[in-house]
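> Below: sequence and its predicted model.
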Amino acid sequence: MRRATIKFLSFSKLTPISRNLTTQICSTLGSTDQSSCTHLSSCSNSKGLLFSPPKTHQFQKTPSRNFNTQVEIPPNLPSRQRKIKERSQIEDDFEAAKTAEDMLEAFKEMEANFNERDLGLACLKIGLKLDQEGEEPEKVLSYAIRALAVFDSENQVSLPVAMTLQLLGSTSYCLKKFNDALGYLNRANKVLLRLEEEGNFRPEDVKPILYAVQFELANTKTAMGRREEALENLRRSVEIKEFLLGGDRKEVGNAYRDLAEACVAILNFKEGLPCCLKALELHTKLLGDNSVEVAHDRRLLGVIYTGMEQYQKALEQNQLSQKVLKNWGRSSDLLRAEIDAANMHIALGRFDSAINTLKGVVQQTEKDSENRALIFITMAKALVSQDKFADAKRCLEIASGILDKKEKSKPLEASEAYMEISMQYETMNEFETAISLLKRAQALLEKLPQEQHSEGSVSARIGWLLLLTGKVTQAIPYLESAAETLKESFGPKHFGVGYIYNNLGAAYLELERYQSAAQMFAVAKDIMDVSLGPHHVDSIEACQNLSKAYAAMESYALAIEFQQKAVDAWSGHGKNAEDELREACGILDQLKVKALGGSSKLFPIKALPLPQNSNPTRSLQPNHSPNTRTRQ
């Protein structure tokens with residue numbers, strides 16, 4: 001995400017936010033047309049925007065004057081009046097400063113003539129100016145901290161306090177001090193919400209600052225791997241942006257597309273779809289069908305439809321996007337769109353079409369380029385689907401050779417490609433190679449805190465493969481780590497967390513830790529019922545696994561209860577699940593026999609991998625989807 005900062009503040013004697021604030025807000029929001037922000041220009045003169053400085057701020061109480069006029073101090077004034085005039089002159093010199101360097105020079109005089117508690121607003125202005133001119137973040141931070149100390153000493157709840165906290169949060173984010181940034185921004189948010197509740201300011205006065213705070217909260221939480229929480233802040237920032245700029249704006253369309261991308265990143269395709277459609281609607285209305293923005297919207301829409309397994313719709317959007325990108329000569333974007341299209345052909349079973357597409361575009365890439373690696377990975381996927389394993393391996397070896405050289409310069413892209421290569425080896429039943437590649441990806445992701453969610457997914461996949469190959473004790477630490485990481489990133493009720501708990505249950509059951517297994521399966525079932533619905537095939541599997549855990553503990557009444565729920569759920573799937581229903585009924589009959597003291601061997605527990613979406617392009621494509629299911 002981009003960084004949003006409030007780089008504005010101008011001081012008169014009553015220190016209102018000046019008319020320049022309007023321009024700066026529009027710049028922060030991404031608007032290039034000042035007419036769209038005319039309703040904000042009233043901020044310049046509104047009494048509701050006065051900062052209401054405390055009485056001790058004497059330099060803010062003198063009447064407003066022409067800032068460009070130097071005040072001459074008559075020599076015959078009494079000493080008290082002379083001191084007031086001198087302070088006023090110093091203040092005027094500070095106000096007249098145009099650059100950070102001039103401001104700092106004038107500020108030296110202020111420090112010599114004012115108490116520290118009188119300098120809070122001046123420190124804030126310097127901090128904002130330094131930030132605007134791109135000075136070192138540490139220098140910005142020092143003045144912002146000094147300003148906050150003054151405000152805190154007087155228990156102020158005001159716009160300057162909120163702006164100072166936002167500046168501190170934004171600067172801490174740049175310094176990668178994410179916990180500090182989160183603390184400052186959360187506090188700024190509380191101040192602004194309180195100001196809104198008190199009703200002393202119009203929404204147009206508070207919301208520009210609130211927009212920056214919400215946007216920075218989204219940035220910070222994303223950097224900390226807390227994607228689910230970040231999405232809520234980003235959603236709020238989009239709402240504020242639309243309020244400030246109005247609905248029919250290109251920038252609002254871009255914001256909705258950013259929100260859709262964020263939804264896709266956490267595999268929330270259902271919510272991402274209307275956001276992307278909104279972006280497409282706005283951009284089409286304002287820019288026409290043949291604009292680059294519309295092409296980007298359609299490409300993202302293709303990704304979303306792919307995640308929803310609506311591959312034909314995805315391909316249609318992709319083709320429309322390609323047409324526009326060709327017209328505009330956007331070769332790099334076009335290449336990625338063509339790789340996307342090849343993946344869609346693979347999903348539709350059109351393997352030859354996918355390979356022909358890839359053969360056509362591989363000639364357009366440089367020998368050691370990232371795009372060339374992605375093309376060979378996608379080609380390998382098509383070949384694996386045709387059981388042409390030897391040819392697929394040659395493609396994967398070429399891709400791996402390119403990626404070896406990209407690990408330092410592009411660790412994220414390399415890690416994502418390793419994950420995809422791992423999946424192809426997994427499909428070919430070469431599990432040791434698949435695990436080795438996943439560990440390489442994990443080592444790269446560990447150095448990228450903002451990719452905590454991806455690291456958790458990789459850890460979960462390693463755990464599942466170790467479990468699949470009988471290395472149960474090795475699997476458990478990976479699964480436990482993945483569960484904690486993904487809970488923090490996506491929340492405790494995300495379907496991916498449910499899969500991990502199911503696999504932990506399978507591992508504990510294998511080790512005859514039946515009580516622990518039952519606890520894990522119960523958690524998995526609860527999560528999947530909420531996130532996927534009780535009739536989703538994997539929710540039913542979790543229910544059956546819980547039944548088997550209770551059976552292992554010889555708690556047959558509970559085992560029969562949960563197995564009966566599984567039977568009822570399979571019954572609702574009709575002819576498409578006849579085999580599953582027959583198997584579930586067989587297990588139920590065996591449980592009833594055992595409950596009566598008979599002997600019967602139950603079917604084995606099924607471990608569930610996180611479902612994966614196999615597009616290797618680092619476009620927006622997720623690593624797994626709730627709508628796909630991998631069965632053993």
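Structure's in. What do you need?
> helix or strand right after the helix or strand harbouring K125?
For K125, the host element (DSSP states H and E) is helix 120-132. Once helix 120-132 ends, the next helix or strand along the chain (criterion: DSSP H and E) is helix 137-153.
> quick one: contacts of that following helix?
The contact list for helix 137-153, computed with Cβ atoms under 8 Å, 6 or more residues apart in numbering, reads 116-117, 119-121, 123-124, 126-127, 130-131, 158, 160-161, 164-165, 167-168, 171-172, 174-175. Every residue, glycine included, has its C-beta placed from N, CA and C.
> are any of those buried, and which?
In terms of neighbour count (16 or more other Cβ atoms under 10 Å), the buried residues within the contacts of helix 137-153 are 119-121, 123-124, 126-127, 130-131, 158, 160-161, 164-165, 167-168, 171-172, 174.
> dump the residue contacts of N268.
L231.
> helices or strands up against the helix holding K125?
Where contact means 3 or more Cβ pairs under 8 Å, 6 or more residues apart in numbering; DSSP states H and E, helix 120-132 is packed against helix 100-113, helix 137-153, helix 159-174.
> Could I get these in CSV, plus columns for distance to L182 and mean pLDDT?
As requested, these are exported to CSV (distance: least, Cβ to Cβ, whole Å; pLDDT from 0 to 100):
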stretch, distance to L182, mean pLDDT
helix 100-113, 27, 85
helix 137-153, 15, 93
helix 159-174, 8, 94
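> Can you add distance to F495 and give those helices back as JSON lines?
Shown next, in JSON lines, are the helices and strands packed on helix 120-132 (distance: least, Cβ to Cβ, whole Å):
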{"stretch": "helix 100-113", "distance to F495": "50"}
{"stretch": "helix 137-153", "distance to F495": "39"}
{"stretch": "helix 159-174", "distance to F495": "30"}
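> Out of these, which is the most enclosed?
Most buried of the helices and strands packed on helix 120-132 by mean neighbour count (mean count of other Cβ atoms under 10 Å) is helix 159-174; its value is a mean of 26.
> the inter-axis angle of the helix or strand following that one versus helix 159-174?
Under the assignment DSSP H and E, the closest C-terminal helix or strand after helix 159-174 is helix 178-198. Going by axes from the mean of the first three to the mean of the last three Cα atoms, to 10 degrees, helix 178-198 is angled at 160 degrees with respect to helix 159-174.
> which residues of the protein score low on pLDDT?
Along the chain, the model assigns pLDDT under 70 to residues 1-85, 598-606, 609-632.
> quick one: the strands in it?
Per DSSP state E, the chain carries no strands over any range.
> Identify the residue spatially nearest to S400, adjacent ones excluded.
Of all residues not flanking S400 in the chain, I421 sits nearest, at 6.4 Å (Cβ to Cβ, 6 or more residues apart in numbering).
> show me the residues around the one you found that make contact.
By Cβ under 8 Å, 6+ apart, the neighbours of I421 are I377, A380, L396, A399, S400, L437, P616.
> Using TSV, lay out the residues you listed together with distance to E239 and neighbour count.
What follows is the contacts of I421, written out as TSV (distance: Cβ to Cβ, whole Å; neighbours: other Cβ atoms under 10 Å):
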residue	distance to E239	neighbour count
I377	39	30
A380	43	30
L396	45	26
A399	42	26
S400	44	18
L437	42	25
P616	34	26
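> Return the subset of those residues lying in helices.
I377, A380, L396, A399, S400, L437 (DSSP state H).
> ok, now how distant is A392 from M528?
33 Å (Cβ to Cβ, to the nearest Å).
> Oh, that last question was meant for Q442, not what I typed.
25 Å.
> One more: Y256?
Relative to M528, and taking Cβ to Cβ, Y256 is found at 30 Å.
> can you check A607 too?
Relative to M528, and taking Cβ to Cβ, A607 is found at 14 Å.
> quick one, which of those two is more surrounded?
Looking at A607 and M528 with other Cβ atoms under 10 Å, you find the greater number of neighbours at M528, namely 28 against 24.
> wait, that one sits on A542?
Yes: applying Cβ atoms under 8 Å as the test, M528 and A542 come out as touching, 5.2 Å apart.
> Mutual contacts of the two, please.
Common neighbours of M528 and A542 (Cβ under 8 Å, 6+ apart) are G498, N502.
> What about the spatially closest residue to I398 that is not a sequence neighbour, how many residues nearby?
In this structure, I398 finds its nearest non-sequential neighbour in F376, 4.9 Å apart by Cβ to Cβ, 6+ apart. F376 has 26 neighbours, counted by other Cβ under 10 Å.
> F376 reaches C395, doesn't it?
Yes: F376 lies in contact with C395 (Cβ under 8 Å); the separation is 4.4 Å.
> Now for the residue lying closest to F243 once chain neighbours are set aside: which residues touch it?
Distance criterion Cβ to Cβ, 6+ apart; nearest residue to F243, sequence neighbours excluded, is K207 at 6.3 Å. By Cβ under 8 Å, 6+ apart, the contact set of K207 is I240, F243, L244.
> quick check, nearest of those residues to R299?
I240 (26.9 Å; Cβ to Cβ).
> how close does that closest one sit to G572?
Taken as Cβ to Cβ, the span from I240 to G572 is 43 Å.
> Q442 now?
Separation of Q442 from G572 (Cβ to Cβ): 39 Å.
> one step back: widest-spaced pair of the ones in helices among the contacts of I421?
For these, and using Cβ to Cβ, no pair is farther apart than A380 and L437, which are 12.7 Å apart.
> can you pull out the helices in the stretch 351-500 of the chain?
Applying DSSP state H, counting those that start in this stretch to the stretch 351-500 of the chain gives helices spanning 351-362, 370-385, 389-404, 411-427, 431-445, 452-468, 472-490, 495-510.
> and the shortest one, how far out from the chain's middle?
Distance of helix 351-362 from its chain centroid, counting by Cα atoms, centre = their mean, to the nearest Å, is 32 Å.
> Equivalent analysis for the third one, please.
On the basis of Cα atoms, centre = their mean, helix 389-404 sits 31 Å off its chain's mean C-alpha point.
> residues making contact with that helix?
By Cβ under 8 Å, 6+ apart, helix 389-404 touches 368-370, 372-374, 376-377, 379-381, 383-384, 414, 417-418, 421, 424-425, 428.
> rerun at 7 Å
Outside of helix 389-404, the residues within contact range by Cβ atoms under 7 Å, 6 or more residues apart in numbering are 368, 372-373, 376-377, 379-380, 383-384, 414, 417-418, 421, 424, 428.
> Quick one: buried ones out of these?
372-373, 376-377, 379-380, 383-384, 414, 417-418, 421, 424, 428.
> what would those residues look like in CSV with distance to Y508?
Shown next, in CSV, are those (distance: Cβ to Cβ, whole Å):
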residue, distance to Y508
R372, 44
A373, 39
F376, 40
I377, 35
M379, 41
A380, 36
L383, 38
V384, 33
A414, 34
A417, 34
Y418, 29
I421, 31
Q424, 31
M428, 30
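> And those, which is closest to K487?
Nearest to K487 among the buried ones among the contacts of helix 389-404, with distances taken as Cβ to Cβ, is Y418, at 24.5 Å.
> what's the closest non-adjacent residue to that closest one?
Nearest to Y418 is A441, by Cβ to Cβ, 6+ apart, at 4.1 Å.
> does that neighbour really touch M419, like I thought?
Yes: between A441 and M419 there is a contact under Cβ atoms under 7 Å: 5.1 Å.
> what sits in contact with each of these two?
With contacts defined as Cβ under 7 Å, 6+ apart, the residues shared by A441 and M419 are V458.
> List the contacts of stretch 334-346.
Applying Cβ under 7 Å, 6+ apart, the external contacts of stretch 334-346 come out as 299, 302-303, 306, 311, 314-315, 318, 321-322, 325-326, 353-354, 357-358, 361, 364, 371, 374-375, 378, 381-382, 385, 615, 617, 619.
> nearest residue to D529 other than its sequence neighbours?
Closest residue to D529 apart from its sequence neighbours, by Cβ to Cβ, 6+ apart: S539 at 5.6 Å.
> I'd like the distance between the one you found and T469.
On the measure of Cβ to Cβ, S539 and T469 end up 26 Å apart.
> more neighbours, these two?
More neighbours surround S539 than the other of S539 and T469, with 24 against 14 (other Cβ under 10 Å).
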